[in-house]
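In: 3D, please:
(2 chains)
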Amino acid sequence: MRCWPLITFLFCFSVLSAQNKPLLYNVDDLPQSLLLNPGAQIDFIGHVGLPFFSQIHLSAGTSGVSLHDIFKNDGTNINTRIRAAMHSMTSYDHFTANEQVEIISLGWQLDKRNYLSTGIYQELDFFSYFPKDLAILVNEGNANYINDVFDFSQAAFTGEIMTVYHLGLNHRFDKRLTVGVRGKLYSGIFNAESTGNTGTFTTVTTPQGPNKYRHTVENMNVRVNTSGFASLNEEEGMTVEEGTAELLKRSFFGGNIGVGMDLGLSYLVNEQFVATASVQDIGVMFQREDVENYHYYGSYQTDGLEPLFPELDETGRAIPYWDEFEDEVDKNLIDRTYNTPYVTWRPAKFNLAIEYGFGQAFLPCNYLTVNKVRYMNQIGMNLAGVLRPRGFVYAFTTYWDKKLTEKQRFRIAHTLDDYSLANIGLMYSITFNKFNLYLAANNLLGFRNLAKARSTSVQLGMQMVFKDL
Amino acid sequence: MLMSLIPVTNKFLLCLAFCMVLTGCVKDIDLDQAEEISLSPDIDVDLLIYNISEDYFYQSKNNVFQPVIRDTVRLEFLDDDYIQKDLTEVEFYFRHINTFPQRFSHTIKFLSNAGREQILIRYEVAPGSLNNPVETEYTEVIEENRINLIRNSIQMVVELEAHPNSEEFKGELEFASTGLFKFDF
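Out: Residues are numbered from 1 along each chain as shown, chains lettered A, B, ... in the order given. Have a look, this model is predicted:
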């Protein structure tokens, strides 16, 4: 009977997904764990990252289709495969890409209870749901979908590039509880988003109507907000160097600004169980510079043009039916471009984890470090989520973390998410003297042929990590 | 030397895993197929409608019966890029519901901007009665070998010729038309 809560838990989250870094979460000798949980338990007293190389993170995923599904070389027509893929996907399938590069990373112990960490990283984040109805309408038209509704609300995406400046404090309350907070300043380089759209397009048969069909656009309200795009788009003669200089300028508070925070805690339930929780990027961006908004709204229906007979009006001129029709459409389906500032929320993330330690609590040749290496093995479960336009996207990871020696450890993990049910990940960290090198990769099985993988992610980095030996 | 600290089994697994990452590849696909990707929407749209009575045939100043009436509609979208470059086939559908006891000849002409005839479609509308409306349907397919005629067109002329008989010339004639435009982008 005790198994039921666990089975229920696993089942609930086995079909969900997230963009997260479970392989680095709660790795107590990697400073990057503080970026995932500012209240993580850590066993180092200082760190300095190699600029631009202390963390390079790349991840991409698509929940509905792989590159192989589209581009496989099996003699069938690619357009047939695209059509099949479109029909197999749902409007909740999504595409995501995330990239992070730590530019600067450093931290030091203030006293026995407090650890301060700070740094700068650059992040790109893109997320889009698959707008199934619109994709089918564009690819196949409406002829085979008479009386079907094409829903504009399926179109939802967010994309941003920014530089993040952060400062965090990790505070150990007592032997059981460690808490942490990290403040963030965001310097936006680029943003584009379209969420909360509404409206439908239908072509219905009208047996009692004046024509065979009636076309209706109902309650259309589609808005695309951009910042950092218009000026680049307008500068026709801009060279690559000028464009790069402009983007660099924005990354140092030359563009749009935002603020945010991370919170986290670790709690030692007993000698062997540790529970942790964190939230990241509870933050807001104020998009005020270089803003351009595109707004399409209105309702309209038509049965066709209606000639009046006779051919000429009272003044003897041909009646401009088409012009009148276009005017009518333009009056009812309105297209506007504004420069209105807007606010975007960062994709907030959360992590919940519980970890169980076992195995010998000291190293054979270094038994004095018993307080630093508590257990050689940890097994854990981590539920992570990222807030996207239609709610949280989850991933559930179970892992085994093994300290091979005091300077080496690996973690092997299995993640259940939308992209794969067989997502095996591995992290390996090694320290030469004080120089630490780590490499982590998710969905290892997918690396055999990345074309078939629906997701993959890699994190690697190198840094100096100082421990109190 | 550091590697020697790792137990043999773990070393093997780690090497295997990171070899997988480092030798990760993309295979069994042909990205050149991207050149063949096309969109092929079939767009079904309403074109013209009318609903006329006998009054429409008595519109001259002296109220004399005119057996032929016509009107012209400029279909400006026929000049758009997507028609000029990507249209492959058009299927026109015409439907009349007639309560006149007379038959009509219905002519549709597609003309170029200069007024030169590109396509002529002509069919007969069967007579009906007030209590028994008669439906006449007609379909005309313009296939790829004639699609240039549509691309050259910009005006659609609708012409209706009544054929009086001994019955009273009284009734209604409803017209509906759609076009199924097939594209290959």
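In: list the buried residues of stretch A:337-349.
Out: The neighbour-count check on stretch A:337-349 (16 or more other Cβ atoms under 10 Å in any protein chain shown) flags A:Tyr342, A:Thr344, A:Trp345, A:Arg346, A:Pro347, A:Ala348, A:Lys349 as buried. Placement of C-beta: from N, CA and C, glycine included.
In: next: stretch A:410-428.
Out: Buried, per 16+ other Cβ under 10 Å, within stretch A:410-428: A:410-420, A:423-428.
In: could you list the low-pLDDT ranges of the stretch 301-450 of chain A?
Out: A:310-318, A:360-374 (pLDDT under 70).
In: what residues does it have near chain B?
Out: With Cβ under 8 Å from any Cβ of the partner chain as the criterion, the stretch 301-450 of chain A meets chain B at residues A:302-311, A:318-323, A:326, A:402, A:404-405, A:407-408, A:410, A:426, A:428, A:430, A:432, A:439, A:441, A:444, A:447-450.
In: from those residues, which land in strands?
Out: A:Thr302, A:Lys402, A:Leu404, A:Thr405, A:Gln408, A:Phe410, A:Leu426, A:Tyr428, A:Ile430, A:Phe432, A:Leu439, A:Ala441 (DSSP state E).
In: mind giving me the PyMOL select for those, buried ones only?
Out: Applying 16+ other Cβ under 10 Å to these, the buried members can be selected in PyMOL as follows:
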select buried, chain A and resi 302+402+404+405+408+410+426+428+430+439+441
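In: could you identify the most distant pair in the ones in strands among the residues of the stretch 301-450 of chain A next to chain B?
Out: A:Thr302 and A:Thr405 (74.8 Å; Cβ to Cβ).
In: near chain B, which residues of the stretch 1-150 of chain A?
Out: A:67-68, A:71-73, A:77-79, A:82, A:137-144, A:146.
In: which of those residues are buried?
Out: The neighbour-count test (16+ other Cβ under 10 Å) marks A:67-68, A:71-72, A:78-79, A:82, A:137, A:139-143 as buried among the residues of the stretch 1-150 of chain A next to chain B.
In: pLDDT weak spots in chain B?
Out: B:1-24, B:60-61.
In: okay, strands next: where are they in it?
Out: Using DSSP E, strands in chain B cover B:42-53, B:68-74, B:87-98, B:103-111, B:117-125, B:134-142, B:155-163, B:172-183.
In: and these as JSON lines, adding distance to chain A and mean neighbour count?
Out: Output for the strands of chain B, formatted as JSON lines (distance: least, Cβ to the nearest Cβ, whole Å; neighbours: other Cβ atoms under 10 Å in any protein chain shown):
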{"stretch": "strand B:42-53", "distance to chain A": "3", "mean neighbour count": "19"}
{"stretch": "strand B:68-74", "distance to chain A": "4", "mean neighbour count": "18"}
{"stretch": "strand B:87-98", "distance to chain A": "7", "mean neighbour count": "19"}
{"stretch": "strand B:103-111", "distance to chain A": "11", "mean neighbour count": "19"}
{"stretch": "strand B:117-125", "distance to chain A": "15", "mean neighbour count": "16"}
{"stretch": "strand B:134-142", "distance to chain A": "10", "mean neighbour count": "16"}
{"stretch": "strand B:155-163", "distance to chain A": "6", "mean neighbour count": "20"}
{"stretch": "strand B:172-183", "distance to chain A": "4", "mean neighbour count": "21"}
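In: surely A:Gly461 is in contact with A:Glu102?
Out: Yes: assessed by Cβ atoms under 8 Å, A:Gly461 is found in contact with A:Glu102 at 7.0 Å.
In: name the residues contacting each of the two.
Out: Common neighbours of A:Gly461 and A:Glu102, using Cβ atoms under 8 Å, 6 or more residues apart in numbering or on different chains, are A:Gly49, A:Phe53, A:Ser54, A:Gln55, A:Ile56.
In: rewinding a little: between the buried residues of stretch A:337-349, which is nearest A:Asn377?
Out: A:Lys349 (27.0 Å).
In: that closest one is in contact with A:Leu387, isn't it?
Out: Yes: with contact defined as Cβ under 8 Å, A:Lys349 reaches A:Leu387; the gap is 7.3 Å.
In: contact partners for A:Leu460?
Out: A:Leu460 neighbours (Cβ under 8 Å, 6+ apart): A:Gln55, A:Ile56, A:Tyr438, A:Leu439, A:Ala440.
In: what residues sit buried inside whichever strand or helix holds A:Gly188?
Out: Secondary structure assignment for A:Gly188, by DSSP states H and E: strand A:177-194. In terms of neighbour count (16+ other Cβ under 10 Å), strand A:177-194 has its buried residues at A:178-194.
In: state the next helix or strand along the chain beyond that strand.
Out: Next along from strand A:177-194, by DSSP H and E: strand A:198-205.
In: and the shared contacts of A:Gly461 and A:Glu102, which are buried?
Out: Listed as buried from those are A:Gly49, A:Phe53, A:Ser54, A:Gln55; burial here means 16+ other Cβ under 10 Å.
In: dump the residue contacts of the third one.
Out: With contacts defined as Cβ under 8 Å, 6+ apart, A:Ser54 is in contact with A:Pro31, A:Gln32, A:Glu102, A:Ser105, A:Gly119, A:Gly461, A:Met462, A:Gln463.
In: so which strand or helix has the fourth one?
Out: With the criterion set as DSSP H and E, the secondary-structure element containing A:Ser105 is strand A:94-109.
In: what strands flank the helix or strand following that strand, and is each parallel or antiparallel?
Out: Sequence-wise, the next helix or strand downstream of strand A:94-109 (DSSP H and E) is strand A:114-129. Strand A:114-129 has these partner strands in its sheet, going by DSSP bridges: strand A:94-109 (antiparallel), strand A:157-172 (antiparallel).
In: what average pLDDT does stretch A:263-274 get?
Out: Per-residue pLDDT values over stretch A:263-274 give a mean of 92.
In: so how far is A:His166 from A:Asp262?
Out: Between A:Asp262 and A:His166 the computed distance is 8 Å (Cβ to Cβ, to the nearest Å).
In: torsion angles phi and psi at A:Thr206?
Out: phi -130, psi 80 (degrees, to the nearest 10).
In: quick one on the thing from earlier: between the contacts of A:Leu460, which is closest to B:Glu159?
Out: A:Ile56 (71.7 Å).
In: quick check, pLDDT for the closest one.
Out: A:Ile56 carries a pLDDT score of 93 in this model.
In: quick one, what contacts A:Tyr186?
Out: Contact analysis of A:Tyr186 by Cβ under 8 Å, 6+ apart lists A:Met162, A:Thr163, A:Val164, A:Tyr165, A:Ile257, A:Gly258, A:Val259, A:Gly260, A:Gly283, A:Met285, A:Arg346.
In: try 7 Å
Out: If a contact means Cβ atoms under 7 Å, 6 or more residues apart in numbering or on different chains, then A:Tyr186 has A:Met162, A:Val164, A:Ile257, A:Gly258, A:Val259, A:Gly260, A:Gly283, A:Met285 as its contacts.
In: before we move on, what SS does A:Ala135 have?
Out: For A:Ala135, the secondary-structure state derived from DSSP: H, G, I helix; E, B strand; the rest coil is helix.
In: excluding chain neighbours, what is closest to it?
Out: Nearest non-adjacent residue to A:Ala135, counting by Cβ to Cβ, 6 or more residues apart in numbering or on different chains: A:Met86, 5.5 Å away.
In: list the contacts of that neighbour.
Out: A:Lys132, A:Ala135, A:Ile136, A:Asn139.
In: can you give me the end-to-end span of stretch A:120-137?
Out: Terminal residues of stretch A:120-137 are spaced 44 Å apart (Cα to Cα, to the nearest Å).
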